[in-house]
Each structure stands twice: as C-alpha cells, then as structure tokens.
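> Requesting a structural model of the entry that follows:
(2 chains)
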There are 2 protein chains.
Amino acid sequence: MKKLNERIKLTNSAVVVGIDPDIEKMPTDFISEYYTDFEVLYAFCKEIIDNVYDIVPAVKFQIAYFEMYGVDGIKAYAKAVSYARSKGLYVIGDIKRGDIGPTAKAYAKGHLKKGADLEVDSITINPYLGDDSNNEFFKLMNEYDKSAFLLVKTSNPTSDQIQNLISNNEEIYSYVAKDLIKNELIFDEEYLKCGMVIGATHPAELTKLRNQYPNVVFLIPGYGAQGASAKDVSNAFNGDGLGAIVNSSRGIIYAFNEYSHTLGQSARKATLKMNEELNKYR
Amino acid sequence: MKKLNERIKLTNSAVVVGIDPDIEKMPTDFISEYYTDFEVLYAFCKEIIDNVYDIVPAVKFQIAYFEMYGVDGIKAYAKAVSYARSKGLYVIGDIKRGDIGPTAKAYAKGHLKKGADLEVDSITINPYLGDDSNNEFFKLMNEYDKSAFLLVKTSNPTSDQIQNLISNNEEIYSYVAKDLIKNELIFDEEYLKCGMVIGATHPAELTKLRNQYPNVVFLIPGYGAQGASAKDVSNAFNGDGLGAIVNSSRGIIYAFNEYSHTLGQSARKATLKMNEELNKYR
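Below you'll find the predicted structure:
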C-alpha cells in the first residue's frame, strides 16, 4: 500500500474516481466523434483521467462496464488502465474475482503480473471460496509488489442477506475480516498488503471495523449516487488522514448532467468538491 | 434448462468438458504450429470441441484462463464460445461474477445478451452480494432465454471456511440454496432456470441438497483431477438420469499425458471413459 499512501499525501485527497463507462449515458456530442466502441470507451476514460490525475490518489475501473462491450471493451480497459498508470495514478481493477486455487492463480497472473495486458496496481477479490482463492492472489501480489482489497461488507442494499448472518455471535462479514487479518501472506509493517472493501452505506460496520483493524486500508464504495455522505465515512480515517479511500463513480463521471461544462471539466469540478467535503472529516 | 436437458438425452451423457487452456501445459508440437496466444488458445479450444461435441451435452469455459492472456485471451474466448455454440453444445461461461445491481446488469449484458461477443447459454454467479446481484442476472437470463448456476458449495478444500459456518443451526451454503429457491425470477415448470454449483468433493452435502431440491440442476465440479469419483456423485442424479452435470477439465483436456494419442483423440477417449463411468451411476 506504499504507492497508495504516498499518492494520498501528495494529492491531499482520499478520493477514488470510479470509471464505469456506459455509452448510453455519455453525451451524444462526445460519442459522435468516435466510430467504434473501443474508441469511445477509451476516449471517455482518457478524458476523465486527464482531468483528475493530479488531484486524486487513485482511480478504480469497474471491469464489468468493459466486459459489457466484449472484445472491444477489454481492449479499451487494457489501454485505459495502462494510460492511468502512466500518469502516476494508483490503479484499482474492480474485478471481484474468486475461484479455486489454480483458477485464482490464472486471474492473478492476468491482472497483477508485470507486463500483462490488464496489469493494475490492485484488484478487488471475493471471499466466498476462502483462502484457496485468496492465497493465490496474495502470493502473486507479493511477488509483483501489488496490493488487493477483499470484499468484506459491500455497499448494496441486500448485502445483509449473506454477509450479516450471525454465526457464534459474529456476522459473516466479521469472519471474513478476521480470517484476512490472520493471513501471514499479507503481513506488512504499517498497512497490511491487502485491504478491505466496506460500503459507506454501513457507517456502524465501518466504525466497528476501523476500531478493530487500525492497520488495514479500507476501500469504501457507496458515496454519492449510492446514498452515503462525507459524514458517513468520517470514522473510517485514522488520525493521520490515511487508512481509507472513498470511491465515487456516477457522481463524478456523469457530473456533466449537473454542471454546464464538458465531461472532463465537470468530472474535475465534482472531484474537487468531493475532495473538499471529505477533507473536512479526515 | 430445456436446451441442456435435451442435450443430455440426445448424447446420453452428463459430462461437461471443462476448457481451461494453459499454454504452458500444451504439447510443444501443438504450440509450435501457431504464432500468437490468440491463435494457440483458439486452436486448442477448437481441437477439444471438434472431438467431444457429439458425445457430451455441454462444455464449460473457465474465463480466468483466457483473462490470463489479456486481450488475445478474450478474443480467443469470444471465438471459442461462439464456435462451441455453433456445434450445438450448451455452453457455460464459468465467470463466477457477482456485484452491486447496476454492475451485475452490465456483466449480464456482456455474457448473456443475444449477439454479445461473449454470449453463452449459461454462466456461473457468486452469491456473496445477495439478490441485488442475482436478480440482475436472472432478469436478463429470463429476457434472453438463458440459464445460470449459483455457487452454493464449491469443490475446493477451504470451501468450509465461509460456506460451512453455522447460523441458526444451518450452514451458510444452505442459506444460499434456500434464498435461491425462494426467488420467483427463476421459477419454471420442470427444472428451475437457475441451478446450483456443488462440488463432487462433498458427497454428503450433494446428497442432502439433492433430497431438498429435486427440481434444481446441479453443476458439479471436482471430478478427476480434484479427487472425486463417479461413485461420489451417484446421489446427484434424479431417477430419470437428469438433474446433474459433472465437469472434468484437466482430466480431459490434458489426457494426452496419459494416452499416446493426439490432444484431441486423447480428450475424446477420456470423455468416453468418463461417460461410461458416470452412466453406471445415473
């Protein structure tokens, strides 16, 4: 997490700009300049990156919005994550993968290996299959000096359905967090090499986990379009302003609906506003 | 599940050939005929498909082994799933996706929509985020007349870690199964439109779930290389020989290590042998 923490200090920001490109939601005059899905997707990502790379530590690409466009989409993802890394950003691939050992290893190679088409600094992983899955990601994460975030308590309304079932007086998400912390593969001096995904929409869980695990970085989705405010995440930060990064996707990349500026200018404006709001509570 | 059941009857087989192409494991004389990762991956898939399409109902593509090769890999995946469907096979994309509602919808469009690059007949989905995720897959599954399999009890050794925690006298995997069954979006007359993934390595759970849910199709991984035998899955079938399909990947696609035949001929031989073994217990 060293690269991430340096970037947080450099930009004095804990904002992650979430890039979830949906062509149907883009301005028609923007789309009309391009011929293929690949072109428009990449141009959209580049426009966002060029307007925020100097004011945020990180961007998070939601790969589903690229898979939606098939081969063209994945080509755009590869080019966009590479471009974002070239601008110095800490780049998270929000892939939420998890599988049996050999398969998890294949995913880890695809997304973390140096020189891979889809190489990013960090990925999100799903805990349902347990350590067989997690450990393959952690091993390659260590080998390639990367990081990851394990889904613990997600931001969506039905996250309770499985994650908040109680076993032995403890919620399932709490077991997931505890199992992670015990994993020797993620040990590091300051912040553990694997963080946790915890939704901003669950301030109580966020506060509880912050107190339990001070040396874990939280990746916090759910801000803005999903309903959470800066105050909801105020307990997520450590005294030094580190320990948490907060993602907003729709509230930034589609901010042109709110501001009378171009796509990129509106994204920058919305990001600066979110920086200011969050910094009040860091 | 109509297409799948028709194929099971037509081929008198419950075998799913799992296609997990790892170039490092392919015969060197096979690889040497091709120049790019795309070419070798697609050629490998085609060789397997051409040798098994008439003797099994279905193939399952593990997308991780394509993502491992980046854009070339996804190009090969798109061409291979399309080729497999053109041969009449019921094609499963083993993608294990799961995410918040709007994101799950993007995945569903990418993998189930008619005409999409990555279009398959069925996908695997991960339950950790609950119905927000599942329902988006089910809605598009219904719209496009497709099917899906929800991860319930996976085949890997650490599947117990989360899936077998006990809440209110019931294991987590059992809640996942129960929540699925209650979901109105998957209702169908004979077999529900969404099946369950249950590992062959857990015969007790397999038997229990078969008795509880007679009208659900089980997709059963873990046969062969992962350690389970035909006897282990014997209780998974209904009286009519339907209700379960059993996947073998490494035991079939890398059978050339065992037989002194070509890649394709060995895969066919291993598949016929597995058909025979399984049919003793169906």
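
> Not counting its neighbours along the chain, what's nearest whichever residue of the stretch 101-250 of chain A sits closest to chain B?
Nearest residue of the stretch 101-250 of chain A to chain B (CB to the nearest CB) works out as A:Asp117 at 2.5 Å. In this view, the C-beta of every residue, glycine as well, is placed from N, C-alpha and C. Leaving out its chain neighbours, the residue that sits closest to A:Asp117 by CB to CB, 6 or more residues apart in numbering or on different chains is B:Gly70, at 2.5 Å.

> In this structure that neighbour contacts A:Lys113, no?
No - if you go by CB atoms under 8 Å, B:Gly70 and A:Lys113 don't touch, sitting 9.7 Å apart.

> So for these two, which residue has more residues nearby?
B:Gly70 (24 against 17; other CB atoms under 10 Å in any protein chain shown).

> Ramachandran coordinates for that one?
Dihedral angles of B:Gly70 (phi, psi; degrees, to the nearest 10) stand at phi 70, psi -140.

> How about the contacts made by it?
A:Ile74, A:Ala78, A:Gly110, A:Ala116, A:Asp117, A:Leu118 (CB atoms under 8 Å, 6 or more residues apart in numbering or on different chains).

> Quick check: the two most widely separated of these?
The most widely separated members of these are A:Ile74 and A:Ala116, with 12.3 Å between them, by CB to CB.

> partner residues bridging A:Asp94?
A:Gln62 (DSSP bridges).

> which ones are touching it?
Contacts of A:Asp94 by CB under 8 Å, 6+ apart are A:Gly18, A:Lys60, A:Phe61, A:Gln62, A:Ile63, A:Ile123, A:Thr124.

> And the residues you listed, which is closest to chain B?
Looking across the contacts of A:Asp94 and measuring by CB to the nearest CB, the closest to chain B is A:Gln62, at 5.9 Å.

> from memory that closest one sits against A:Asp22, does it?
No - using CB under 8 Å, A:Gln62 is not in contact with A:Asp22; the gap is 9.9 Å.

> does A:Ala177 sit in a helix or strand, and which one?
Assigned by DSSP states H and E, A:Ala177 belongs to helix A:172-181.

> sec struct for A:His261, please.
coil (DSSP: H, G, I helix; E, B strand; the rest coil).

> where's it relative to chain B, distance?
Distance of A:His261 to chain B, computed by CB to the nearest CB, to the nearest Å: 24 Å.

> list the contacts for that residue?
Counted by CB under 8 Å, 6+ apart, A:His261 has contacts A:Lys269.

> For the contacts of B:Gly70, give me a markdown table that also has neighbour count.
Formatted as a markdown table, the contacts of B:Gly70 follow (neighbours: other CB atoms under 10 Å in any protein chain shown):
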| residue | neighbour count |
| --- | --- |
| A:Ile74 | 29 |
| A:Ala78 | 19 |
| A:Gly110 | 26 |
| A:Ala116 | 18 |
| A:Asp117 | 23 |
| A:Leu118 | 28 |
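
> Which one of those is nearest to A:Phe137?
Closest to A:Phe137, out of all of the contacts of B:Gly70 and judged by CB to CB, is A:Gly110, at 11.2 Å.

> so the residue nearest the centre of chain A, which of the three states?
Most central in chain A under CA atoms, centre = their mean is A:Lys60, positioned 4.4 Å from the mean C-alpha point. Classification of A:Lys60 using three-state DSSP returns strand.

> how close does A:Val246 get to A:Ala255?
16 Å (CB to CB, to the nearest Å).

> quick one, which of these two is more surrounded?
A count of neighbours by other CB under 10 Å puts A:Val246 above the other of A:Val246 and A:Ala255, at 27 against 23.

> Who's the closest spatial neighbour of A:Leu165, skipping the chain neighbours?
In space, A:Leu165 is closest to B:Ser167, 4.2 Å off (CB to CB, 6+ apart).

> Was I right to think the one you found contacts B:Tyr173?
No - taking contacts as CB under 8 Å, B:Ser167 lies outside contact range of B:Tyr173: 11.0 Å.
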